[in-house]
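> Output the structure for:
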Amino acid sequence: MVLESLITLLVIEFLLYLIYNYWGGLSSKLKGRGITVSAFTITFDVGKSMKPRAKRSEVLSKALGISGVINVALLMLIFYWIIIPSAIDIVRTLLGVREAVSTPFVPVVPGVTIKGSNVLYFLVGVSIAVVAHEFFHALTALNEGIKVESWGLGLFLIFPFAYVKIDDRDYSKSSLSSRVKVLSAGVLSNTALALILLASISSISTVIEQHSMVVIYELDRSLGPEAPAVVAGVPTPSVLYDINGTKIGSLSDLRNYLTSIADKPATLVLNISKFKSLVDDVVIEGLQRPELIEVVKPSNMSRLGILVVEALSPSTPLHLYYLNRVFYWTYVVNISLAVFNAAPLIITDGGKILQEVLNRYGLKKLGYVVQWVTIVITVSLLVIGLLRFI
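Modelled structure (predicted):
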């Protein structure tokens, strides 16, 4: 269903592009309203020009400059620390020394690498991340005396984004320090937001984990018909509350208990409840009354023959669960956007900062070499990561 909806949206975008380009009257009206349609991209100017501050805030300028540059430098080092081992793998594979390449990247392709409701959480995360990114670009530009011509929202393929158009003349006339501050501000916003979200996720997860339950979702028939749980006919899916009165609240509780009787014969009384289904593959729905199931485990079998996962009880505050999912995906998007935007990839802020600095010292060609080599390695790793899902 999600994949069909995405394909439909792309078809609509392509039709709008054709109409926009071949219906002159409509395109002129849309342009007059600040709407631009290009190939699979739609932009809408929300705000018009904003004049820079009459007097720059030196405290804000220094704070954004120092923290922004340090942040970009650290993230750029992290990016290379991540890709260098894989780049070495690529060389070794080409030389026939190694057969496969390990990649740290999983490209974001809704319906392929991200599925189900996670697509919606991801899109919310993208929206928040790009708005914060562009807002900090604009805020810093205005503080550095650079005019913002317009700002707005857009849609590229299925990905929402925000944008800020900075006055080219003001930008080119500004100092190197000001340009670096403007470029690094977006990356800084994503890093800061990611750290705030990480702390929030930790706090919410502490509350949610209190509602965690062990679920027997299927019997492990690979052990054969003599597996203790198969012989006892343990119903699935079911919640496991306790074994012989010992509370089982997590997978570690279950693991510890079974380890203690691994080489011993035992008669285990499982206190369980059958249930209807899992909402969003996590929250238990339709929980029935508890019942006791007797499972006889011989000494020569250390496993019961059950496949288990952790799920959340029906009493879980759903608003916290869904908020945590939004926070999680927004965190993933922000930290990913921060790392990639800090990397020297020509179109990224990190690439532009590197080029600005090297241009100052007459090393323009070196900047392009570094960026193109990094791009080739990054694209190769992304393609390898995608092929594993196809």
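
> check contacts around the residue most central in space within the chain.
Closest to where the C-alpha atoms of the chain average out (Cα atoms, centre = their mean) is V332, at 3.1 Å. Contacts for V332 were tallied using Cβ atoms under 8 Å, 6 or more residues apart in numbering; they are F122, G125. (Each C-beta comes from the backbone N, C-alpha and C, glycine too.)

> quick one, what contacts the residue lying farthest from the centre of the chain?
Farthest-out residue of the chain from its mean C-alpha position, per Cα atoms, centre = their mean: P265, at 46.5 Å. By Cβ under 8 Å, 6+ apart, P265 lies in contact with K297, P298, S299.

> now the helices for this protein?
Secondary structure of the chain (DSSP state H): helices located at 2-22, 24-32, 58-94, 118-143, 168-173, 176-208, 228-232, 251-260, 318-342, 349-360, 364-387.

> picking up where we left off before, look up how far R255 lies from the residue farthest from the centre of the chain.
Note on P265: its distance to R255, by Cβ to Cβ, to the nearest Å, is 20 Å.

> now swap in S172 and tell me
63 Å.

> Between the two, which has more neighbouring residues?
Comparing S172 with R255 by neighbour count (other Cβ atoms under 10 Å), the higher total belongs to R255, at 12 against 9.

> distance of the more buried one from V215?
As judged by Cβ to Cβ, R255 and V215 stand 15 Å apart.

> S273 now?
Counting by Cβ to Cβ, the gap from S273 to V215 is 10 Å.

> More neighbours: which of these two?
Shown here are S273 and V215; by other Cβ under 10 Å, V215 has more neighbours (24 against 16).

> So for the more buried one, what's the pLDDT?
V215 is assigned a predicted lDDT (pLDDT) of 95.

> same deal with A39?
65.

> and what of M1?
At M1, the pLDDT recorded in the model is 50.

> Likewise for R33?
72.

> With the one 10 residues further on instead?
The predicted local distance difference test score for T43 is 78.

> tell me the contacts of it?
I35, T36, G152, L153, G154, Y163.

> measure the nearest residue to R303 once chain neighbours are set aside to W151 for me?
Leaving out its chain neighbours, the residue that sits closest to R303 by Cβ to Cβ, 6 or more residues apart in numbering is L223, at 6.4 Å. Between L223 and W151 the computed distance is 61 Å (Cβ to Cβ).

> sorry, back to before: just put the contacts of P265 in CSV and tack on neighbour count, pLDDT and distance to L183.
Shown next, in CSV, are the contacts of P265 (neighbours: other Cβ atoms under 10 Å; pLDDT from 0 to 100; distance: Cβ to Cβ, whole Å):
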residue, neighbour count, pLDDT, distance to L183
K297, 23, 91, 63
P298, 11, 91, 67
S299, 11, 86, 67
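
> out of the residues you listed, which one sits closest to Y17?
K297 (64.8 Å; Cβ to Cβ).
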